[in-house]
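*Asks:* What follows is a predicted structure for the sequence shown.
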Amino acid sequence: LSEGYAFDMTVAGPDGESWDLGYPEVQKMCEMLLEQQGPTLLIGSPMCNAFSKLMTLSKNTSDEVKCQELIKEGTSHLKFAFKLDQKQREKGRCFLHEHPDCAASCQLDFVEELAWKEDVECVRCDQCACNQTSVDAYGRGLMLKPTGRLGNAPRVTDHLRKRYPNRERPREQW
């Protein structure tokens with residue numbers, strides 16, 4: 001595989017500005033570049049703050065207007081990402097979409113619609129199986145962080161179907 005674009009807010013696009021996919025003109029530029037490049041594999045993920053388990057837990061304690069705005073923005077971003085995933089699929093190319101396992105986004109109609117396609121599968125990967133670590137009160141250790149991946153590239157999803165290995169800590173310490 002060859003390197004392509006990273007359409008991310010932390011990366012500058014051809015115009016020198018960040019890839020803020022909240023703007024229609026940035027989305028059009030993104031679509032145009034993907035059409036020109038025809039990538040073999042497109043990898044996407046949702047905005048972390050809109051659909052995370054932490055967001056779900058804090059809805060009752062946070063500013064409701066702010067939470068609704070984050071969800072609206074996150075849903076708009078996710079719809080665009082899934083539009084690109086679907087275009088990849090229609091062109092016979094592959095996509096992989098990462099999301100927190102059991103995230104609220106998994107229940108959105110357009111997410112479920114793509115997830116139920118015959119050539120698409122959802123797999124779970126525990127980040128600790130990829131040696132992701134974190135530091136907490138017990139020191140450095142493996143971090144479980146269950147992550148779902150939705151895609152139509154079996155050779156990729158099979159490789160990502162990893163569950164936690166021998167852990168360094170008792171389960172109650174995760």
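*Replies:* Right, received. Where do you want to start? Numbering: from 1, shown residues only.

*Asks:* Flag every buried residue along the helix ranked longest in the chain.
*Replies:* Using DSSP state H, we find that the single longest helix of the chain is helix 64-90. Under the neighbour-count criterion of 16 or more other Cβ atoms under 10 Å, helix 64-90 has 67, 70-71, 74-75, 77-78, 80-82, 84-86, 88-89 buried. (C-beta placed from N, C-alpha, C; glycine too.)

*Asks:* Find the centremost residue of the protein, please.
*Replies:* The centre of the chain sits closest to S45, judged by Cα atoms, centre = their mean, with a distance of 2.1 Å.

*Asks:* Name the nearest residue to that one, ignoring sequence neighbours.
*Replies:* Distances taken as Cβ to Cβ, 6 or more residues apart in numbering put E98 closest to S45, at 4.3 Å, once the chain neighbours are dropped.

*Asks:* Please point out which parts of stretch 22-32 sit buried.
*Replies:* Applying 16+ other Cβ under 10 Å to stretch 22-32 flags V26, Q27, M29, C30 as buried.

*Asks:* For the third one, list the residues it contacts.
*Replies:* In other words, M29. Neighbouring residues of M29 by Cβ atoms under 8 Å, 6 or more residues apart in numbering: G13, P14, D15.

*Asks:* mind running it again at 7 Å?
*Replies:* Going by Cβ atoms under 7 Å, 6 or more residues apart in numbering, M29 touches G13.

*Asks:* Please enumerate the strands of this structure.
*Replies:* Taking DSSP state E as the test, the strands found in the chain are 41-44, 94-100, 121-126, 133-136, 139-142, 146-151.

*Asks:* What strands line up against the second one, and which way round?
*Replies:* Paired strands of strand 94-100, with direction, are strand 41-44 (parallel), strand 146-151 (antiparallel) (DSSP bridges).
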